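Peer 1: Structure for the following, please:
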Amino acid sequence: MSEPARTDVVLVGAGIMSATLGALLRRLEPGWSITLVERLDAVGAESSNPWNNAGTGHAGLCEMNYTPEGPDGSIDISKAVRINEEFQVTRQFWAYAAENGILTDVRSFLNPVPHVSFVRGAERVSYLRRRRDALARNPLFADTELIDDPDEFARRLPFMAANRDFAQPVALNWAQDGTDVDFGSLSRQLIDFCVRNGMAALFGHEVRTLSRQSDGSWAVTVRNHRSGERRTLKAKFVFVGAGGDALPLLQKSGISEVKGFAGFPIGGKFLRAANPALSASHRAKVYGVPSPGAPPLGALHLDLRFVDGKSWLVFGPFAGWSPKFLKHGHFSDLPRSIRLNNIASMLGVGISERKLLNYLIGQLRQSEPDRMEALREFAPSAVDSDWELTVAGQRVQVIRPDRRHGGVLEFSTTLVSASDGTIIGLLGGSPGASTAVPIMLDVLQRCFPHRYQSWLPTLKEMVPSLGTKLSDEPALYAELRSWTSKALRLEAAA
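Peer 2: Here you go, the predicted structure:
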């Protein structure tokens, strides 16, 4: 094995997280050396791939699990507001990147598509009306509409209206300012920018070991899958953005902060249709009510998607299960992640998450007719021959150690870092990609506290609202929304 190659930064994984952090660092510190390591032969081939990612551009606009109803009938919108605030940060960075040559083809990754909440039955229609009223008082959601007229429903969503019996009340919350995002295309453009500006990229290379050196740096040993050759990178800072593989890699690093953490993999399957007549009659992303026991990311939705310039309809997700931590992973991933220090966390979740277990068992028992029946609750006229089943990516949900319960299962993203900030990794899933920029800003602040203040002027060029809560600044929000819509060619949706 050759002498270690020195680099300031190692980014593990070529998905949206590493791509975003790499682009930020390239602007902040153009003199730093950066090396990207990816085990597959392409950018964004795992969770960031459009067929492995819902692509909603999560902004809290349509997901009803973000707006729960209280015992008194009130609607708590705090989570939806927080996620939307974070998405606005991401959207500003994209606009800056589009104006400054970082992103060269906006339409290949971002398209205006309304985000819609859909319910049936008088009780749920009442909930949706109160949801709209609660959201509309916040500037970020002021344009949310309530649609409960069958004729207007049919005008906006003809595919869902066809053959529907409107004797049962139906309603929509309609947010025009939604988007469809191809995070694979976005990742490729960001990484292309980084490579054009000096970043080294090692594809087909897998990280085998991570070891801290006496000078505080990290020795990262990687293996070339094609040749079998091993090489070592000596880095001052390591970011582990490897999706489901982040937990095992952090465990290999030996940092104490990851002790007690475990992972629970959940797979996904979708029905998809390429018939252009169907996509022409359904120009929205429509989210339903989560099923009992389903995880937050389990609400069924019927989405218009744009992938490689072609429009598709996609319906799901239907849960699957595999011990793999990545779609292109190994069946040994889960058992190999078990440690003495995280067994209690896993057992605690096994006891407390009976509803989730029952939900997953039910999903695994579903037949093709069962999935089509679920689709017809959204679109009664759906024809079996138009749809095919596709396997989506794996999501490894975080099991966090908890003194009271042993462990708790979280459906969010979590940063785990060494106390000195020289290594940090991202665990978990949704809303993930849509909030990549605020997550990476958190990485910068945690890991480079002595540089962060000097970076602020440049960061505020990238994200003008940085440090400001847009919900409290409606005039600023309106100004930034206008700017980002123009820069990102979303004027028709604004």
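Peer 1: What is the distance between the lengthiest strand in the chain and the centre of its chain?
Peer 2: For the chain, the strand with the greatest residue count under DSSP state E is strand 388-402. Centre-to-centre, strand 388-402 and its host chain are 11 Å apart (C-alpha atoms, centre = their mean, to the nearest Å).
Peer 1: same question, stretch 148-168
Peer 2: Distance of stretch 148-168 from the chain centroid (C-alpha atoms, centre = their mean) equals 31 Å.
Peer 1: Buried residues, the lowest-mean-pLDDT helix or strand in the chain. List them.
Peer 2: For the chain, counting by mean pLDDT, DSSP states H and E, helix 354-364 ranks last in confidence among helices and strands (a mean of 75). For helix 354-364, the neighbour count (16 or more other C-beta atoms under 10 Å) marks 356, 359, 360, 363 as buried. No exception for glycine: its C-beta is placed from N, CA and C like everyone else's.
Peer 1: for stretch 156-173, same thing?
Peer 2: Quick answer for stretch 156-173 (16+ other C-beta under 10 Å): 156, 157, 159, 160, 161, 164, 170, 171, 172, 173.
Peer 1: can I get those in TSV with distance to residue 320, secondary structure and pLDDT?
Peer 2: TSV is the format used below for those (distance: C-beta to C-beta, whole Å; DSSP: H, G, I helix; E, B strand; the rest coil; pLDDT from 0 to 100):
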residue	distance to residue 320	secondary structure	pLDDT
156	32	helix	98
157	28	coil	98
159	26	helix	98
160	26	helix	98
161	31	helix	98
164	29	coil	97
170	30	strand	97
171	31	strand	98
172	29	strand	98
173	29	strand	98
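Peer 1: Distance to residue 6 added to the residues you listed, as a markdown table?
Peer 2: Output for the buried residues of stretch 156-173, formatted as a markdown table (distance: C-beta to C-beta, whole Å):
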| residue | distance to residue 6 |
| --- | --- |
| 156 | 57 |
| 157 | 57 |
| 159 | 57 |
| 160 | 57 |
| 161 | 62 |
| 164 | 64 |
| 170 | 62 |
| 171 | 60 |
| 172 | 56 |
| 173 | 53 |
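Peer 1: Just name the closest of those residues to residue 74, please.
Peer 2: The nearest member of the buried residues of stretch 156-173 to residue 74, counting by C-beta to C-beta, is residue 173 at 16.4 Å.
Peer 1: any low-confidence regions in the chain?
Peer 2: 1-2, 54-55, 292-298, 430-431, 492-494 (pLDDT under 70).
Peer 1: Could you rerun that using 50?
Peer 2: Applying pLDDT under 50 to the chain flags the ranges 493-494.
Peer 1: residues contacting residue 278?
Peer 2: 159, 313, 386 (C-beta atoms under 8 Å, 6 or more residues apart in numbering).
Peer 1: again, but for residue 193
Peer 2: Contacts for residue 193 (C-beta under 8 Å, 6+ apart) come out as 23, 26, 97, 101, 102, 103.
Peer 1: which among these end up buried?
Peer 2: Buried subset of those (neighbour count, 16+ other C-beta under 10 Å): 23, 26, 97, 102, 103.
Peer 1: Looking at the residues you listed, which is nearest residue 335?
Peer 2: residue 23 (36.2 Å).
Peer 1: Wait, residue 52 touches residue 328, no?
Peer 2: No - with contact defined as C-beta atoms under 8 Å, residue 52 does not reach residue 328; the gap is 10.1 Å.
Peer 1: Residues that sit against both of those two, list them.
Peer 2: When contacts are counted by C-beta under 8 Å, 6+ apart, residue 52 and residue 328 are jointly contacted by residue 46.
Peer 1: strand partners of the longest strand of the chain, parallel vs antiparallel please.
Peer 2: Here strand 388-402 is paired, per DSSP bridges, with strand 262-273 (antiparallel), strand 406-410 (antiparallel).
Peer 1: Report the angle between it and helix 354-364.
Peer 2: For strand 388-402 against helix 354-364, the angle by axes from the mean of the first three to the mean of the last three C-alpha atoms, to 10 degrees is 160 degrees.
Peer 1: Buried residues, strand 388-402. List them.
Peer 2: Neighbour-count burial for strand 388-402 [16+ other C-beta under 10 Å]: 392, 393, 394, 395, 396, 397, 398, 399, 400, 401, 402.
Peer 1: ok, now stretch 70-79?
Peer 2: By neighbour count on 16+ other C-beta under 10 Å, the buried set for stretch 70-79 is 75, 77, 79.
Peer 1: before we move on, what about stretch 82-99?
Peer 2: Buried residues in stretch 82-99 (16+ other C-beta under 10 Å): 82-98.
Peer 1: Many thanks, I have nothing further to ask.
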